[in-house]
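# could you work out the structure for the sequence below:
(one chain, ligands or ions: 1)
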Amino acid sequence: MLRTHTCGELRLDVAGEEVVLTGWVQRLRDKGGMLWIDLRDRYGITQLSFEEGVTSPELFEQARSLGREFVIQATGQVIKRFSKNDKIPTGAIEVKVTKLEVLNAAKLPPFLIEDETDGGDDLRMKYRYLDLRRTPVRRNLELRHRMMRETRNYLDNLSFIEVETPVLIKSTPEGARDFVVPSRMNPGEFYALPQSPQTFKQLLMVSGFDRYFQIVKCFRDEDLRADRQPEFTQIDCEMAFITQEDILNTFEGFIRHLFKTVKGVEIAELPRMYYADAMRLYGSDKPDTRFGMQFVELNELVKNKGFKVFDDAELVVGINAKGAASYTRKQLDELTNFVKRPQIGATGLVYARVGEDGSVKSSVDKFYSPEDLQAWAAAFEAEPGDLFLILAGGKDKTRKALNELRLEVGEQLGLRDKNVFSPLWVVDFPLLEWDEETNRYHAMHHPFTSPKPEDLHLIDSDPGAIRANAYDMVINGVEVGGGSIRIHDRGVQEQMFSLLGFTKEEAVAQFGFLMNAFEYGAPPHGGIAFGFDRLCSLFGGADSIRDFIAFPKNNSGRDVMIDAPSPIANAQLDELQIKLK
Ligand code: ASP
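All right, here's what the predicted structure looks like:
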């Protein structure tokens, strides 16, 4: 080794010893007679010192000539530091340098490589290898590593085995757009990259593997957001001979294990919420349950009093922002503008304040008597100082809009503390989802999800009402995982495909291999997949998953460091028999 210790290691107990350190020059402070260098490596920072009169003039000059991010090897004696730095673990000592070797010089980095950097997002991504030297970024990857390790520990202990599945496959059923790869050996034909290993893990159950997992890259060609990347990592799991209850228990155990071992946080038993209740009470299938502020439906109380907006609405629904009666007119106007933004699409916001004496004053007072408003107060379980925020319109749209408003107000009132974790299961998702664009049903989860047998009679009369054996794990308003009990019978699977508008031929062409497998002794099975990047960002207290991915892509799906995607040579195109338009 070129070093005897790392830069995070030395303490007072080794004072007097000679050591050799290697690392990067983070900062140099030149006070004339004294010169200090903060030497950094992955493990920490150690101060090197040079003193005129003690250090030889040549060495002193050599030290003075070092620049930021030079890679050096320093030999010297550990000494007690004159003024201790409590902020770093090595702050009690410094190394009085006797020999210095420059292992490699460095150009001036394009941004400060310190905890607080002056580099913007684009610049940091272009020089991601420099960004990764920064402690907060490195810590995120260390967290990711620990989470991977604990995932493997937990699942291995329960006899899950990790099996790799192929990356060059054909289209999978997750419902997003595929990334495709042309096949040179089969001109005109393409592989698809897996949106998930869904069909393979089911086939492994048919093979008798019984408990499978894989920490695996998945690819979806979707529009990107802070919590979406074109390639992302799943903790993908499947079990055979189980009921839904077994899956929920196993993976509730998993998340508790992760919280305990990685964050030292004890998580209580996960509550379960029906999908229908989540939509009714939170307007979302991923409710943030760190705070209450549940929806209160007001149709019964507000209709037929002459206020047309409410009279015409399918649903009038509100939240009680506790203690927010002090919101100013300006703040309320801002909230109104917030819900009127095209992405949210509400037409307006009605509000009412509860005074100190319990009286209610609303923005629609001319339609409602004090007694009417008291009835609202009762419905909201109001106390003096509360603020009601009410939306009206079509049911689904209004719930969605109120969900956004609830989250915004929750944020403003400081109810969404990143250090509080509120996980739950959302269960009994609908099997199907109506798609306005294509005018047909889609599988809400994927086409291999089994319907609840007791709902199957609805198949002709009201397919949209059939519930599935499908579940999501939600933490703080983020869907961290989702899965289902699968269909394992060819007949039911065929029925499902036909419900989804597949012809028999289409179903066979796309998923014949799986249906065939079902005829060779497929055990009852089910599983789940967790979005690993999202879990990491949640554990790390961040909103963006990018910070937890070593080399992420930007919002246009580009890796700006290696400059991908990029054109390929004509010769390559010819070989693939591809002609560009
Ligand atoms: N393959 C599913 C997904 O990626 C998860 C599952 O059903 O296990 O969402």
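
# residue of the stretch 251-400 of the chain closest to the ligand, please.
Scanning the stretch 251-400 of the chain for the residue nearest the ligand gives residue 251, at 10.5 Å (criterion: C-beta to the nearest ligand atom). In short, each C-beta sits where N, CA and C put it, glycine included.

# residue 19 contacts residue 90, correct?
No: taking C-beta atoms under 8 Å as the contact criterion, residue 19 and residue 90 are not neighbours in contact, 11.4 Å apart.

# comparing these two, which shows the higher neighbour count?
residue 90 (24 against 18; other C-beta atoms under 10 Å).

# skipping adjacent residues, who's closest to the more buried one in space?
The shortest distance from residue 90 to any non-neighbouring residue, by C-beta to C-beta, 6 or more residues apart in numbering, is to residue 46 (4.9 Å).

# in what helix or strand does the one you found lie?
Applying DSSP states H and E as the criterion places residue 46 in strand 44-51.

# then that strand to PDB, C-alphas only?
Once side chains and other backbone atoms are set aside, the C-alpha atoms of strand 44-51 remain, and they are given as PDB (Å, rounded to 0.1, in the frame of the first residue of the first chain):
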ATOM      1  CA  GLY A  44     -12.200  11.600   5.900                       C
ATOM      2  CA  ILE A  45     -10.000  14.600   6.100                       C
ATOM      3  CA  THR A  46      -6.700  14.900   7.900                       C
ATOM      4  CA  GLN A  47      -4.800  18.100   8.400                       C
ATOM      5  CA  LEU A  48      -1.200  18.300   7.200                       C
ATOM      6  CA  SER A  49       1.000  21.000   8.600                       C
ATOM      7  CA  PHE A  50       4.200  22.700   7.500                       C
ATOM      8  CA  GLU A  51       6.100  25.200   9.600                       C
END
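
# quick one: stretch 211-226 to chain centroid distance?
11 Å (C-alpha atoms, centre = their mean, to the nearest Å).

# could I get the buried residue list for it?
Within stretch 211-226, the residues scored as buried using 16 or more other C-beta atoms under 10 Å are 211, 212, 213, 214, 215, 216, 218, 219, 220, 224.

# list just the nearest of those to the ligand.
The closest of those to the ligand turns out to be residue 218 (C-beta to the nearest ligand atom; 6.7 Å).

# for the helix or strand where the closest one lies, which helices and strands make contact with it?
Mapping residue 218 onto the secondary structure by DSSP H and E places it in strand 211-219. With contacts defined as 3 or more C-beta pairs under 8 Å, 6 or more residues apart in numbering; DSSP states H and E, the secondary structure elements packing on strand 211-219 are helix 135-157, strand 161-162, helix 198-206, strand 231-240.

# cutoff 7 Å now
Helices and strands touching strand 211-219, as assessed by 3 or more C-beta pairs under 7 Å, 6 or more residues apart in numbering; DSSP states H and E, comprise helix 135-157, strand 161-162, strand 231-240.

# quick one: average pLDDT of it?
Within the predicted structure, the mean pLDDT of strand 211-219 is 98.

# residues in contact with it?
When contacts are taken as C-beta atoms under 7 Å, 6 or more residues apart in numbering, the neighbours of strand 211-219 outside the stretch itself are 148, 151, 155, 158-165, 179, 193-197, 201, 204, 230-239, 532.

# ok, of the residues you listed, which come out buried?
Counted by 16+ other C-beta under 10 Å, the contacts of strand 211-219 give 151, 155, 160, 163, 165, 179, 193-197, 201, 204, 230, 232-239, 532 as buried.

# about what we covered before: reformat the helices and strands packed on strand 211-219 as JSON lines; add mean pLDDT.
Supplementary listing: those in JSON lines, determined by pLDDT from 0 to 100:
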{"stretch": "helix 135-157", "mean pLDDT": "97"}
{"stretch": "strand 161-162", "mean pLDDT": "98"}
{"stretch": "strand 231-240", "mean pLDDT": "98"}
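
# okay, buried residues for stretch 128-140 please.
128, 130, 131, 132, 133, 134, 135, 137, 140.

# start to end distance for it?
From its first residue to its last, stretch 128-140 covers 14 Å (C-alpha to C-alpha, to the nearest Å).

# what secondary structure does the residue of the stretch 51-200 of the chain found nearest the ligand sit in?
Scanning the stretch 51-200 of the chain for the residue nearest the ligand gives residue 196, at 3.5 Å (criterion: C-beta to the nearest ligand atom). The local conformation at residue 196, judged by DSSP: H, G, I helix; E, B strand; the rest coil, is coil.

# contacts only, for it.
Contact partners of residue 196, counting by C-beta under 7 Å, 6+ apart, are 172, 174, 218, 234, 236, 529.

# pLDDT wise, what is it at?
The pLDDT attached to residue 196 in the predicted structure is 96.

# if I look at it, how far off is residue 172?
With distances defined as C-beta to C-beta, to the nearest Å, the gap from residue 196 to residue 172 amounts to 6 Å.

# and residue 239, by the same measure?
20 Å.

# how about residue 186?
Distance check for residue 186 against residue 172: by C-beta to C-beta, it reads 19 Å.

# which of those two has more neighbours?
The residue with the greater number of neighbours, taking residue 186 and residue 172 and applying other C-beta under 10 Å, is residue 172; the counts read 23 against 9.

# mind listing what's buried in stretch 343-362?
Within stretch 343-362, the residues that qualify as buried by neighbour count (16+ other C-beta under 10 Å) are 344, 346, 349, 350, 351, 352, 353, 354, 360, 362.

# direction included, what does the strand holding residue 46 pair up with?
For strand 44-51, the paired strands and their directions (DSSP bridges) are strand 34-41 (antiparallel), strand 93-104 (parallel).

# average pLDDT for the helix or strand that comes right after it, rounded please.
Sequence-wise, the next helix or strand downstream of strand 44-51 (DSSP H and E) is helix 57-64. In this model, helix 57-64 has a mean pLDDT of 96.

# check which helices and strands helix 57-64 sits against.
If contacts are counted by 3+ C-beta pairs under 7 Å, 6+ apart, helix 57-64 sits against strand 34-41, strand 44-51, strand 93-104.
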